[in-house]
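**Q** what shape does this take:
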Amino acid sequence: MALNKQEKKRLPGTLARSPEKAQDTYMHTLEAAEKVHGDGEAAHRIAFGSLKHSFEKVGDHWEAKDEPGPSDAQDAKRGAEALDSDTPTAGGVNANASKAHLLELARRLDVTGRSQMTKAKLVAAIDKANQRATARASRN
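**A** Numbering: from 1, shown residues only. So this is what the prediction gives:
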């Protein structure tokens, strides 16, 4: 179901540049979470957690994952444990993906030195490349 104008205005920029299914997932979860937690950080964290189950951030937008599931250790937590956690996230990078998948994303994002990186370093480098791409897109 396509979002109306008011809903589209509420989307973070990365989601505005993403497929309709990603937008719907985020907004549906956000609205449900706001009924319980109010319009604040908790509701947005819940919505991003739901989004990251089926989508991963690639550059300045979100793309469907090959296999649904948690993207990182924070995303694997549920309920109050997730809301109260200081566990760092991978910023939308699917840290649970295969190294081959991460290498392919790093190639698409033109991450230098990727062939010599460990999986953890690839995740960090992709996250950094995603942040740069999002900042560039936000300026335009």
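**Q** please enumerate the strands of the protein.
**A** 55-58, 61-64 (DSSP state E).
**Q** of the ones you listed, which stretch is the most buried?
**A** strand 55-58 (a mean of 24; mean count of other CB atoms under 10 Å). For glycine as for every other residue, the C-beta is placed from the backbone atoms N, C-alpha and C.
**Q** who's in contact with that strand?
**A** For strand 55-58, the external contacting residues (CB atoms under 8 Å, 6 or more residues apart in numbering) are 14, 18, 22, 25, 62-65, 71, 91-94, 97, 105, 108-109, 130.
**Q** if I look at the residue nearest in space to the middle of the chain, how far off is residue 30?
**A** Nearest to the geometric centre of the chain sits residue 92, at 3.0 Å (CA atoms, centre = their mean). In this view, residue 92 and residue 30 are 16 Å apart by CB to CB, to the nearest Å.
**Q** try residue 96
**A** Counting by CB to CB, the gap from residue 96 to residue 30 is 23 Å.
**Q** same deal with residue 53?
**A** With CB to CB as the criterion, residue 53 and residue 30 are 14 Å apart.
**Q** so for the two, which sits in the more crowded spot?
**A** residue 30 (20 against 16; other CB atoms under 10 Å).
**Q** show the pLDDT at the nearest residue to the more buried one once chain neighbours are set aside.
**A** Closest residue to residue 30 apart from its sequence neighbours, by CB to CB, 6 or more residues apart in numbering: residue 47 at 3.9 Å. With respect to pLDDT, residue 47 scores 93.
**Q** so where's the chain uncertain?
**A** Residues of the chain meeting the criterion pLDDT under 70: 1, 77-85.
**Q** what residue of it is the furthest out?
**A** Relative to the centre of the chain, the most outlying C-alpha is that of residue 116, 25.0 Å out, by CA atoms, centre = their mean.
**Q** mind checking how far that one is from residue 125?
**A** Taking CB to CB as the measure, residue 116 falls 11 Å from residue 125.
**Q** packing partners of the helix of greatest length in the chain?
**A** In the chain, with assignment by DSSP state H, the single longest helix is helix 119-139. Judged by 3 or more CB pairs under 8 Å, 6 or more residues apart in numbering; DSSP states H and E, helix 119-139 is in contact with helix 13-16, helix 99-108.
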